[in-house]
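Student: have a look at this prediction, sequence included:
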Amino acid sequence: MADTSLFYTLHPITRVLLALALLMLASTTTSTAYGLIVLLIACLSVRAIDKQWDRVGRSFGLLRWFIIPILLLHLCFSPGQLMLPGWALPFTWEGLQLGLQLSVHLAALFFAAIVMFLALRRSEWIQLLLLLPFFSSSAITYLVMMTPLRSSVGELLQAFRSRWQLRRSWQQLPVMLVSTFSTALALAEVQSQQLWLRWPSSADSQFHATSQAAASSLIVNLLCLSVAVSGLGVAWQM
C-alpha cells in the first residue's frame, strides 16, 4: 500500500513542494536528454511511493496510444532528410527527432502529474478540498459514500469485463453497458440508503481533523525541502 511508504513520513508541505518541483521541471524541460532524466526520476518516484511497478507499467501501457500517433505523424509529415529514400513512406530524421522530443515531454509530464497526485494521502486531499471556499459541507456525504461505492463498482466492472471476454459480441455490447450502468445506479441508491440509516458519528470530524505530525526527523524534512526549492529555482530559470 502507498500509505506505508517512507515518502509519507515527510511533512505534507514538503511532499507537495517536491512533487511541484518535479512537475515544473517536466513542464519547462525542452531537451530530450533532460526530459529522459526527469522521466526516469518520476518513474522511480512512483515506484518508491507505491513500492511496486504496477502503476508504472499501466501508465506506459496507456501512454503508448498517445506516443505512437505522435511519432507516426511527425515521421510522415515533418520536412527534412529522408531516413529511407527508397521507401514510399516519407520518414525523416527531423520528424523522428521532434516526435521523440514531444513523446518524452508528454511522458515526463504524465508521470510527474502522477507523483503530484500521490504527494498527499486520500484523506489529506479530502481535507484540502473541504478547505476550498466553493466546496459545500454537504460534500461530506458523497466523500463518505465514495469508499464503499468504489469497491462495489470495481467488482461490477470486473464482472462486466469477464462477461465481455466470454462473449465478445458487439451486438450485445450496448445491452451489457446499459445493464452495468443500471446496476451501478442501483448500488449507489443502496449505499446512500445505508449511509442515511447508519451515518457515522465521526464523519464530520474525520475529514476536518488536522494531519498527523510527520514521523521523519526535522533534518530529513529540511533536506527534502531544500531539494524541492532548488528544483523550483531550476525550473524557474529554464
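Tutor: Now that the structure is in, tell me what you want to look at.
Student: thought residue 75 was touching residue 98?
Tutor: No - with contact defined as CB atoms under 8 Å, residue 75 does not reach residue 98; the gap is 9.1 Å. Backbone N, C-alpha and C define where each C-beta goes, glycine included.
Student: next SSE downstream of the least confident helix or strand in the chain by mean pLDDT?
Tutor: Least confident helix or strand, the chain: helix 203-208 with a mean of 50, by mean pLDDT, DSSP states H and E. Later in the chain than helix 203-208, the nearest helix or strand by DSSP states H and E is helix 218-237.
Student: list the buried residues of that next one.
Tutor: Buried residues in helix 218-237, counted by 16 or more other CB atoms under 10 Å: 220, 221, 224, 225, 228, 231, 232, 235.
Student: other SSEs contacting that helix?
Tutor: helix 12-28 (3 or more CB pairs under 8 Å, 6 or more residues apart in numbering; DSSP states H and E).
Student: what comes into contact with the helix it packs on?
Tutor: Residues outside helix 12-28 that contact it (CB atoms under 8 Å, 6 or more residues apart in numbering): 7-8, 10, 35, 38-39, 41-42, 45, 105, 108-109, 111-113, 115-116, 118-120, 124, 211, 214, 221, 224-225, 227-232, 234-236, 238.
Student: residue 96 versus the most centrally placed residue in the chain, what's the distance?
Tutor: The chain has residue 114 as the residue nearest its centroid, 3.5 Å off, counting by CA atoms, centre = their mean. Going from residue 114 to residue 96 by CB to CB, to the nearest Å gives 27 Å.
Student: ok, residue 228 next?
Tutor: Separation of residue 228 from residue 96 (CB to CB): 35 Å.
Student: next one: residue 8 from residue 55, what distance?
Tutor: From residue 8 over to residue 55 the distance is 16 Å, taken as CB to CB.
Student: ok, the two, which is more surrounded?
Tutor: residue 8 (20 against 17; other CB atoms under 10 Å).
Student: per-residue pLDDT, the closest residue to that one other than its chain neighbours?
Tutor: Take residue 8 and drop its neighbours on the chain: the residue closest to it by CB to CB, 6 or more residues apart in numbering is residue 121, 6.5 Å away. Predicted confidence (pLDDT) for residue 121: 85.
Student: pull the number of nearby residues for residue 121.
Tutor: 16.
Student: state the phi and psi torsions of it.
Tutor: Dihedral angles of residue 121 (phi, psi; degrees, to the nearest 10) stand at phi -70, psi 170.
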